[in-house]
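Novice: below is the structure, and that's it, no one-letter string:
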């Protein structure tokens, strides 16, 4: 149904613009409400006013649905025009070279939509692969996955890949696993062994002293399951959560350990993170590190944020061959599974 597609696309553009969640969810909710209606029934409801009487359908969503019966809704047309230009002015060559994304979230943890919708958006954006990396159990505020839930999710990912279109996106099984205060990874080694990609990140006690934080990060990096060091400073430079200064750690030792253990340093593309800062990207480059340009997407529209990461990597002069997300999937998996 065109109306469902139009509502879903509007939600995508709003997410890309970092619109308030309630505004995005209004369009996704409306798409869900009318999804099972016969086209003739939907048209009747538009014309006799019953559509607007449905709980969850507001003035704007009703307007979009009504206009979609006859063509392109004005609201969607305006969003498409605004979104026609890339999010970032520089780094186009690198952006076009990126094949995939190793850091994304679904509604299994703190993402806003289903795995299926995330994969669909990745396909529309031309991705070849997308790693599903929902949070681990310690991050209870983000509904982190217990071992049982992660086991269940592995089955879902396998089924979706079996049903994938020939030109579809390959879903990679993964996790964004917390590096705990003692340096251990927050999931059983047996389950981590089965994953395609492990992104290890610090989410707690971000203001620890440099010696303690460095020791913690080094232990996480040296775990043979770790593939990517996620948003290494933990900083926030803008956004609804406010700002947060970068963590204090010995970056030279941390990046030397990444290079030694073949762990990629994430260039996190979220505009409110911009992590690592430019000086640390340069330091990691000089240390011989690999890099992974990722979106840390929590909604389909966030998957287009790769443009921001590509711009920052290009500005720092990171060679394409040092960026694992430019690699074809089989090369990527040979690297990510090498220590398992």
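Specialist: That came in fine, so what should we check first? From a predicted model like this one, the values you see are computed outputs, not experimental measurements. Residues are numbered from 1 along each chain as shown.

Novice: does residue 201 touch residue 175 like I think?
Specialist: No: Residue 201 is beyond contact range of residue 175, at 10.2 Å (criterion: Cβ atoms under 8 Å). Quick note: C-beta positions are derived from backbone N, CA and C, even for glycine.

Novice: more neighbours, those two?
Specialist: Higher neighbour count among residue 201 and residue 175: residue 175, with 28 against 25, using other Cβ atoms under 10 Å.

Novice: that one touches residue 193, doesn't it?
Specialist: No: the criterion here is Cβ under 8 Å, and residue 175 misses it with residue 193 at 11.8 Å.

Novice: now do the residue lying closest to residue 245 once chain neighbours are set aside, the pLDDT please.
Specialist: Once flanking residues are discounted, residue 245 sits nearest to residue 235: 6.2 Å by Cβ to Cβ, 6 or more residues apart in numbering. Per-residue pLDDT puts residue 235 at 97.

Novice: for residue 235, give me its contacts.
Specialist: 243-247, 273-275, 277 (Cβ atoms under 8 Å, 6 or more residues apart in numbering).

Novice: residue 198 is in what secondary structure piece?
Specialist: In this structure, residue 198 sits in strand 197-201 according to DSSP states H and E.

Novice: how about the contacts made by residue 300?
Specialist: So residue 300 contacts 11-12, 15, 113, 117-118, 120-121 (Cβ under 8 Å, 6+ apart).

Novice: hmm, try it at 7 Å
Specialist: In this structure, residue 300 makes contact with 12, 15, 113, 117-118, 121, judged by Cβ atoms under 7 Å, 6 or more residues apart in numbering.

Novice: need the longest strand for the chain.
Specialist: Taking DSSP state E as the criterion, the chain has its longest strand at strand 170-178.

Novice: check which helices and strands that strand sits against.
Specialist: In terms of contacts (3 or more Cβ pairs under 7 Å, 6 or more residues apart in numbering; DSSP states H and E), strand 170-178 is packed against strand 129-132, helix 147-162, strand 197-201.

Novice: ok, back up a step: outside of the strand holding residue 198, which residues touch it?
Specialist: Contacts of strand 197-201 with the rest of the structure, by Cβ under 7 Å, 6+ apart, involve 102-103, 131, 133, 172, 174-179, 185, 192, 220, 225-231, 266, 336.

Novice: okay if I get the helices and strands packed on strand 170-178 as CSV plus distance to residue 49?
Specialist: Converted to CSV, the helices and strands packed on strand 170-178 look like this (distance: least, Cβ to Cβ, whole Å):
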stretch, distance to residue 49
strand 129-132, 41
helix 147-162, 39
strand 197-201, 49
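
Novice: so which of the ones you listed comes closest to residue 284?
Specialist: Residue 284 sits nearest to strand 197-201 of all those, at 15.4 Å, using Cβ to Cβ.

Novice: do you know the pLDDT at the spatially most distant residue from the centre of the chain?
Specialist: Distance from the C-alpha centroid of the chain peaks at residue 48, with 41.3 Å (Cα atoms, centre = their mean). The model reports residue 48 with a pLDDT of 96.

Novice: ditto for the one 4 residues further on
Specialist: Residue 52 carries a pLDDT value of 95.

Novice: how about it, phi and psi?
Specialist: phi -70, psi -20 (degrees, to the nearest 10).

Novice: just checking, it touches residue 62?
Specialist: Yes: contact criterion Cβ atoms under 7 Å: residue 52 and residue 62 qualify, at 4.7 Å.

Novice: give me the common contacts of these two.
Specialist: Common neighbours of residue 52 and residue 62 (Cβ under 7 Å, 6+ apart) do not exist.

Novice: how about the helix or strand just after the strand holding residue 198: buried residues?
Specialist: Later in the chain than strand 197-201, the nearest helix or strand by DSSP H and E is helix 210-222. Residues of helix 210-222 classed as buried by neighbour count (16 or more other Cβ atoms under 10 Å): 213-221.

Novice: contacts for helix 210-222?
Specialist: So helix 210-222 is contacted by 179, 181, 183, 185, 200, 202, 226, 229, 247-250, 253-254, 257-258, 261, 263 (Cβ under 7 Å, 6+ apart).

Novice: mind pulling up the pLDDT for residue 240?
Specialist: With respect to pLDDT, residue 240 has a value of 82.

Novice: likewise for residue 166?
Specialist: 64.

Novice: for residue 87, which of the helices and strands packed on strand 170-178 is the nearest?
Specialist: strand 129-132 (18.2 Å).

Novice: I'd like the average pLDDT over the closest one.
Specialist: Mean predicted confidence for strand 129-132 is 98.
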